[in-house]
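Q: Requesting a structural model of the entry that follows:
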Amino acid sequence: MRNYPFTFVQADALTYLAALISSGEIERYAFIHTSPPCQAGCSLTVGTNRSRGWGGTHVDLVPPTRVLLEASGLPYVIEQPNGRAEIRKDLTLCGEQFGLGVLRHRNFELGRWNVARPAHPKHRGRVRGWRHGQFHDGPYVAAYGNGGGKPSVPKLQAAMGITWTDVREELTEAIPPAYSHWIGTQFLAQLRSEVAA
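A: Got it, this is the predicted structure:
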């Protein structure tokens, strides 16, 4: 992630988290937000790709991630897209909730904390692009893949609220920062209210 503007450690996430836990360094942290690779259970893998014989097999990293998160003793989040990932859907966020140009529904399992679900506004229309040989217009762009009327990189950046990369593959794998910001803000507000009480 050469374009990521924040502190970035490149390592196997499970090994790194296990080392933080075993060394006691985990105590420097207050919260963990994880997004294990979704290819094992996402809708595209288990639907279109499988039906057409595309792609391969993928390891489901959600269970070992959860084991380490529980061992950490910290409040946490596990993010996954719609599909067959075995997480509790304690929270679902959508780009429409943040005025974004993507829908990008994402589910979040919350460990050791909880938050009220925000209202999910009605979608204003379709995702723009080709579906089954027919072009559909709409207020949202498709934040995945390359073909079928996908948006230009600048339009994808604007729709996702991401300015730190102009690499399509990084954009299509990313979660809109508005989601993480909202979750972090909610967690901090809850933490402050507990301290004040």
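Q: Cross-check the contact I'm expecting between V9 and Y16.
A: Yes - because the distance of 6.7 Å satisfies C-beta atoms under 8 Å, V9 is recorded as touching Y16. All C-beta atoms are positioned from the backbone trio N, CA, C, and that covers glycine.
Q: helix, strand or coil for the residue nearest in space to the middle of the chain?
A: For the chain, the residue nearest the mean C-alpha position is I175 (4.4 Å; C-alpha atoms, centre = their mean). Three-state call for I175 (DSSP: H, G, I helix; E, B strand; the rest coil): coil.
Q: got the contact list for it?
A: When contacts are counted by C-beta atoms under 8 Å, 6 or more residues apart in numbering, I175 touches S35, E79, R104, R106.
Q: Pull out the buried positions in stretch 185-195.
A: Within stretch 185-195, the residues scored as buried using 16 or more other C-beta atoms under 10 Å are Q186, F187.
Q: now swap in stretch 58-74 and tell me
A: D60, L61, V62, T65, R66, L68, L69, S72, L74.
Q: Show me what L91 bridges to in the sheet.
A: F108 (DSSP bridges).
Q: What spatial separation is found between it and W113?
A: Per C-beta to C-beta, to the nearest Å, L91 is found 11 Å from W113.
Q: Low-confidence stretches in this structure?
A: Applying pLDDT under 70 to the chain picks out residues 1-2, 43-55.
Q: redo that, cut-off 80
A: Along the chain, segments meeting pLDDT under 80 span 1-4, 40-56, 147-148.
Q: now the strands: where do they sit in it?
A: Here the chain has its strands, by DSSP state E, at 32-34, 76-81, 91-93, 106-111, 129-131, 134-136.
Q: Mean neighbour count and distance to A159 for the ones you listed - can I get that in a markdown table?
A: What follows is the strands of the chain, written out as a markdown table (neighbours: other C-beta atoms under 10 Å; distance: least, C-beta to C-beta, whole Å):
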| stretch | mean neighbour count | distance to A159 |
| --- | --- | --- |
| strand 32-34 | 19 | 22 |
| strand 76-81 | 22 | 16 |
| strand 91-93 | 19 | 15 |
| strand 106-111 | 20 | 15 |
| strand 129-131 | 15 | 12 |
| strand 134-136 | 10 | 16 |
